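Novice: Below is the sequence, then the predicted model.
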Amino acid sequence: MVEIERKYLVHKTVFKYIDTITPAHITQAYLVNEKSKSVRVRIINDRAFLTIKSEMKNLTRSEYEYEIPVNEALSLIEDFDLKVLKKLRYKIEYQLKTWEIDVFEGKLEGLVIAEIELEKEDEKFETPEWVGQEVTFDPTYLNANLINRL
């Protein structure tokens, strides 16, 4: 499977759009966290996933995701004493595209990032008024790097 996405910082005006949306509660940790690959454990509400990602080339990277039992995800986090990143994810439909707005919690509180997944790298799309600076190519904003700030 292939993932093509772009990331943006957002203006605080996004909160008036997400105020009425019920977010997904996300907890994630990394079993492997290297520049060329990562293996992530993620719990979204009452479901859990193991995700393997390759290094990004331009906007594209390989991604493989498998659902696992929540109790196994929790055991992996505990048994390997992994750092845990927590965030709330809101989904907004805009111009026939889904934007995912991540509002980070804990030590990353105050950070809000919007992501859009694309079908192809050169796909054209409109950005909502609350979208700010693009950070797609800034590794600082990869979740795999954000977790190191915890």
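Specialist: On my side now, so go ahead.
Novice: Same question for Asp102, what's its three-state structure.
Specialist: strand (DSSP: H, G, I helix; E, B strand; the rest coil).
Novice: again, but for Lys124
Specialist: Under three-state DSSP, Lys124 falls in the coil class.
Novice: For it, give its distance to Lys86.
Specialist: Separation of Lys124 from Lys86 (CB to CB, to the nearest Å): 34 Å. The way it works is simple: take the backbone N, C-alpha and C, and place the C-beta from them, glycine included.
Novice: In terms of neighbours, single out the busier of the two.
Specialist: Lys86 (16 against 6; other CB atoms under 10 Å).
Novice: Show me what that one bridges to in the sheet.
Specialist: Taking DSSP bridges as the rule, Lys86 bridges to Thr27.
Novice: I'd say it and Ile26 touch.
Specialist: Yes - assessed by CB atoms under 8 Å, Lys86 is found in contact with Ile26 at 6.9 Å.
Novice: Neighbours of Leu14, how many?
Specialist: Rather than Leu, residue 14 is Val. Residues contacting Val14 under the criterion other CB under 10 Å number 21.
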